[in-house]
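In: Sequence below, structure please.
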Amino acid sequence: MRALVWHGKEDIRCDTVTDPEIEEPRDAIVKVTSCAICGSDLHLFHNFIPAMLPGDIMGHEMMGEVVEVGSGVNGRLKKGERVVVPFTIICGECEQCRRGNFSVCERTNRNKSLADKLFGHTTAGLFGYTHLTGGYPGGQAQYLRVPYADTTHIKVPEGMSDQQALFLGDIFPTGWQAAVHCDIEPTDTVAIWGCGPVGQMAIRSAVLLGAKQVVAIDRLPERLAMAEAGGAITIDFSRESVIERLEELTGGKGPEKCIDATGLESHVSLGQPDTLYDRAKQMMAMENDRPHVLREMIYVCRPAGILSIPGVYSGFSDKIPMGHAMNKGLTFRMGQTHVHRFAADLVRMIEDGVIDPSFVITHKVRLEEGPDMYRVFRDKQDSCIKVVLNP
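Out: Numbering: from 1, shown residues only. Alright, predicted model coming up:
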């Protein structure tokens, strides 16, 4: 089969690789009909996430048709069914899964001992990601082996298109969880840094959850226009002061809720010296992340507010003002998404016409064009916000 394969920093190729096979009784094989490039894939593209190996298959946003099932699936999944495959692999049986904490499933990381050493305790296995999370082949491919397939799937309702359903596996529930973590009240201002795909979903989620006003912060005109279309007030951080504008919008009190939909790759800005500091330290391997957004959120957030962090961080961040956060009484909520916690509700929202997640798609191409589209997506060329690949 054909698949997008990691060969090293900024080196993704479309290779011919061995077709996946059933390895365990709870496995299934899915013929991928649609997959996507995610902002988290760029962290791997830039080699900011440790423990990637040449030959690893990329991708964690995918869906398709079940073509084979293992003996242990027990009728919960059948050949011919259309499914979205969430990026988190879940057993459905461990203590964390029973609590609904699916992204920290205790059983599915097949490199558990490695994760235990680095994190203190393992998290769930993830598709198309680092070997710290299991090293499972991803879904930017023609076929995918799905471990624990009887629990690691979302069935696609009849009549729902790939474009509507695809983002149920990551960016839609990620944006939704980011907003849910904010405990939004009708009087709240919710400020969202980053208007990429997750930020766009968080904007619409915050609006649906009843925020008084949603403020979206970015520098790209096409992203800001999409955010405004979703109901947000926009701030172009390259043209105006984020701090001053948020003070103006909140009567000098600051937003009650802040969402970091940017993560470890905050952009360098000459007007923000800490971004230059972070980039220099990252280049010298003295810091993993560029946490400008996190610092700014801590500074502007209203005391007793909530910081929600769906943006991915990879390791160690420097100069985090914990004293500010502690004295202001801020609450931090973060983590990989517990996709299955929200899946049923989000499926119904799409079916009922409350939201159509396909609004975010700007580019649809063949799988073979994937390596070039990584660069287009990375460089924000051609007004690119979200790329969908057809294997």
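In: where are the low-confidence patches of this protein?
Out: With pLDDT under 70 as the threshold, the chain has low-confidence stretches at 268, 270.
In: tell me the domain ranges of it?
Out: In the assignment given by automatic domain parsing, the structural domains of the chain cover 2-170+338-390, 172-334.
In: Mind putting the ones you listed into CSV with mean neighbour count?
Out: Quick note: C-beta positions are derived from backbone N, CA and C, even for glycine. Output for the domains of the chain, formatted as CSV (neighbours: other CB atoms under 10 Å):
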stretch, mean neighbour count
domain 2-170+338-390, 19
domain 172-334, 20
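In: now the helices for the stretch 251-391 of the chain?
Out: Per DSSP state H, counting those that start in this stretch, the stretch 251-391 of the chain has helices spanning 273-283, 292-300, 322-328, 339-351, 370-379. These are given in chain order.
In: got these as TSV, with distance to residue 69 columns?
Out: Written out in TSV, the entries for these read as follows (distance: least, CB to CB, whole Å):
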stretch	distance to residue 69
helix 273-283	44
helix 292-300	43
helix 322-328	48
helix 339-351	19
helix 370-379	28
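In: Show me the one of the ones you listed that comes nearest residue 96.
Out: Between residue 96 and the helices of the stretch 251-391 of the chain, the tightest spacing by CB to CB is seen for helix 339-351, at 11.5 Å.
In: Quick one: list the elements packing against that closest one.
Out: Under the contact criterion of 3 or more CB pairs under 8 Å, 6 or more residues apart in numbering; DSSP states H and E, the helices and strands touching helix 339-351 comprise strand 154-155, helix 171-180.
In: Figure out how far that helix is from the centre of its chain.
Out: How far helix 339-351 lies from its chain's middle: 16 Å, per CA atoms, centre = their mean, to the nearest Å.
In: now stretch 124-137
Out: The chain centre lies 14 Å from the centre of stretch 124-137; the measure is CA atoms, centre = their mean.
In: and the closest residue in space to residue 233 that isn't next to it in sequence, which of the three is it?
Out: On the basis of CB to CB, 6 or more residues apart in numbering, the spatially nearest residue to residue 233 that is not a chain neighbour turns out to be residue 215, at 4.9 Å. At residue 215 the chain is in strand, as set by DSSP: H, G, I helix; E, B strand; the rest coil.
In: in the stretch 101-250 of the chain, which spans are strands?
Out: Under the criterion DSSP state E, counting those that start in this stretch, strands of the stretch 101-250 of the chain are mapped to 125-126, 143-146, 154-155, 189-193, 213-218, 233-236.
In: for the ones you listed, which one sits closest to residue 285?
Out: With CB to CB as the yardstick, what comes closest out of the strands of the stretch 101-250 of the chain is strand 125-126 (24.1 Å).
In: For residue 18, which non-adjacent residue is closest in space?
Out: If the residues on either side of it in the chain are set aside, residue 18 comes closest to residue 1, at 7.8 Å by CB to CB, 6+ apart.
In: list the contacts for the nearest residue to residue 340 once chain neighbours are set aside?
Out: Setting aside the residues directly before and after it, residue 340 is nearest to residue 102 in space (CB to CB, 6+ apart), at 5.0 Å. Counting by CB atoms under 8 Å, 6 or more residues apart in numbering, residue 102 makes contact with 88, 90, 96, 124, 338-341.
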